[in-house]
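1. Below is the sequence, then the predicted model.
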Amino acid sequence: MAEKFRIHGGETLRGEVSVGGAKNSVLKLLAASILVKGCTKIYNVPELTDVRIMLQVLADLGAKTDYNREEKSVTVDASDISSITAKYELVSKMRASFTILGALISRCKEAVVALPGGCAIGERRVDFHIKGLESLGAKIKIENGYVHAKAPKLTGTDLYLDIPSVGATENLMLAAVTANGSTRIQNAAQEPEIVDLANFLNAIGADITGAGTSEIVINGVKLENLHSAEYTTIPDRIEAGTFMAAVVATKGKAVIRNVYPAHLTFFNDKLIQMGANIKLAEPTAIEVSARNRLTSINFVTQPYPGFPTDLQAIAMTLLTTANGVGIITESLYENRFMQVPDLRRMGADIHQDRNHAIIKGVKNLEGANVAASDLRAGAALVVAGLMANGDTLVEKLHHIDRGYECFEKKLSALGAKIERVDDDNVSIVPGGNNIGGLL
Ligand code: EPU
């Protein structure tokens, strides 16, 4: 049966919430763990569908993995890698598994990895990955939807990315770890998740400097010199931003814990421009609150440290009831306004023209039946449900479960009326008694 979130809007969120480990970091750390002919232990690993898929990718290669729920840790024993293939069934489900390409090249000098293809939010090409690997000396053939890479001897060189792609920076960094000589990636992505991957790789014996800037230098080391390590993943800045938005959306007040405020500087600044109050409660906690109707703002999504595309849909939800007109330009993806039709169904006034959206604030959103079309659009609809008058049903929760651990439990702990229901017949009917006795 298809699970749904049933949300009764209008509750003010208050209290404290703790953020988990960064999904977009931990997936890459898991891929990188196969560089060690032995065990690595990664802490602060959220229990997410995407993490499960990556563990399956590693298991298919012959690595042994053990998830410890109490500790929120994963131990990967990659002493023996018996396969070099990441199959379509897994890569097509989760694009991040394409990062195994660089890791396999470093470890095994060859790899067969399915091409991920496009996804709902855009074409999401991998040409920078391929071009960079070829510049390092890999021989690459694309056959039957798979990348076949042979790289018996990679030689460090200067690489330049046309745009600072997160995935390409990661794959090239991974491949260059065991190349001969130095590799310099220019116009590299600067996201905190890139720094986390570089720190993890250095912890297992790699020699990487400059991560977090636009120029990363990887001095190749011998595979035999890479060694076991324990490592803790950084907090998930997008999950943190999502809870901050939910609190602001309901004019609440809460402390968001286990967050690195510096990772959210741009987003925080935009929330403050909208009228929210933000205080650094502790080095790893942010207190966020809002009292009055928010004020509309404009923003353009950009690579880090600019406004994160992964918080664009959620910020759009805030603008739907803000005072004035806001303009959003989505500069990273061709099709990342998938939340717009459902927000309109909830009463939002949004005009979309290609990658621009003009949002005229309305007084209130109204509850409706809506469906998550991707992870972040899904989270945006949940926040919309929390703001709306009446009841909202959010369908297609598998998208949300990819990136938010215990989402409804954490929101409930803040006072939200949200529950997961497992009933195909539940629906929001105008004028009906929608919530029944369940909440
Ligand atoms: N691009 C190319 N060619 C390439 C690589 C990228 O044209 O070879 C284009 C893409 O099509 C896209 C843009 O460059 O339009 C940015 O892509 P990037 O490679 O930076 O993104 P990614 O590595 O595929 C990661 C996150 C995304 C996040 C983006 C941007 C993971 C697993 N995914 O994707 O997160 O939106 O960086 O910050 O790390 C999410 O968590 O919901 C999510 C989609």
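-> It's in.

2. In contact with F307: list those residues for me.
-> Contact analysis of F307 by Cβ atoms under 8 Å, 6 or more residues apart in numbering lists 266-267, 270, 299-301, 315. C-beta coordinates here come from the backbone N, C-alpha and C atoms, glycine included.

3. Most neighbours of all those, which one?
-> A315 (25 neighbours; other Cβ atoms under 10 Å).

4. Could you confirm whether any residue of stretch 91-110 contacts the ligand?
-> Yes - using Cβ under 6 Å from any ligand atom, stretch 91-110 reaches the ligand at 95-96.

5. in that stretch, what's buried?
-> Buried residues in stretch 91-110, counted by 16 or more other Cβ atoms under 10 Å: 91, 94-109.

6. For the residue of the stretch 51-200 of the chain found nearest the ligand, pull up the helix or strand it's in.
-> As assessed by Cβ to the nearest ligand atom, the ligand sits closest to G167 within the stretch 51-200 of the chain, at 2.9 Å. In this assignment (DSSP states H and E), G167 forms part of helix 166-176.

7. pLDDT on the next helix or strand after that helix, on average?
-> The first helix or strand that comes after helix 166-176 along the chain, using DSSP H and E, is strand 182-186. On average, the pLDDT along strand 182-186 is 98.

8. same thing with stretch 139-159?
-> Average pLDDT, stretch 139-159: 97.

9. what sits up against that stretch?
-> Contacts for stretch 139-159 (Cβ under 8 Å, 6+ apart): 88, 101, 104-105, 109-115, 117, 126, 130, 132-138, 172, 175-176, 178-186, 218-220.

10. Report the secondary structure state of the residue positioned nearest the centre of the chain.
-> With distances taken as Cα atoms, centre = their mean, N24 lies nearest the centre of the chain, 4.7 Å away. Assigned by DSSP: H, G, I helix; E, B strand; the rest coil, the conformation of N24 is helix.

11. What residues does it make contact with?
-> 96, 166, 191, 193, 236, 238.

12. what's the burial count for the residue lying closest to the third one once chain neighbours are set aside?
-> Meaning E191. In this structure, E191 finds its nearest non-sequential neighbour in Y304, 4.3 Å apart by Cβ to Cβ, 6 or more residues apart in numbering. Neighbourhood size, Y304 [other Cβ under 10 Å]: 21.

13. again with T392
-> The burial count for T392: 29, using other Cβ under 10 Å.

14. In this structure it contacts A384, no?
-> Yes - here T392 reaches A384: they are 7.1 Å apart, a contact under Cβ atoms under 8 Å.

15. Mutual contacts of those two, please.
-> Residues touching both T392 and A384 (Cβ under 8 Å, 6+ apart): 346, 370.

16. give me phi/psi at V112?
-> Dihedral pair for V112: phi -130, psi 110, per degrees, to the nearest 10.

17. For D310, which non-adjacent residue is spatially closest?
-> Nearest to D310 is I238, by Cβ to Cβ, 6+ apart, at 4.6 Å.

18. Mind checking what helix or strand follows the one helix or strand the one you found maps to in sequence?
-> I238 is part of helix 237-249 when elements are defined by DSSP H and E. Next along the chain after helix 237-249, taking DSSP H and E as the criterion, comes strand 253-257.

19. and that following strand, what does it pack onto?
-> strand 14-18, helix 237-249, strand 285-289 (3 or more Cβ pairs under 8 Å, 6 or more residues apart in numbering; DSSP states H and E).

20. Alpha carbons of that strand, as CSV, please.
-> Below are the C-alpha coordinates for strand 253-257, written out as CSV (Å, rounded to 0.1, in the frame of the first residue of the first chain):
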residue,chain,number,x,y,z
LYS,A,253,10.6,29.1,17.7
ALA,A,254,13.0,26.2,17.9
VAL,A,255,16.7,25.3,18.4
ILE,A,256,18.2,23.2,15.6
ARG,A,257,21.0,21.1,17.0
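
21. quick one: it to strand 14-18, angle?
-> 10 degrees (axes from the mean of the first three to the mean of the last three Cα atoms, to 10 degrees).

22. so what strands line up beside strand 253-257?
-> Counting by DSSP bridges, the strands paired with strand 253-257 are strand 14-18 (parallel), strand 285-289 (antiparallel).

23. What are the contacting residues of that strand?
-> 13-19, 240, 243-244, 247, 281, 284-289, 414.

24. One more: stretch 343-355?
-> So stretch 343-355 is contacted by 316-317, 320, 329-331, 334, 337, 340, 357-362, 364-370, 380-381, 384, 388, 392 (Cβ under 8 Å, 6+ apart).

25. So which of the residues you listed sit within helices?
-> In helices, judged by DSSP state H, the following of the contacts of stretch 343-355 are found: 316-317, 340, 380-381, 384.

26. Fine by me, we can end here.
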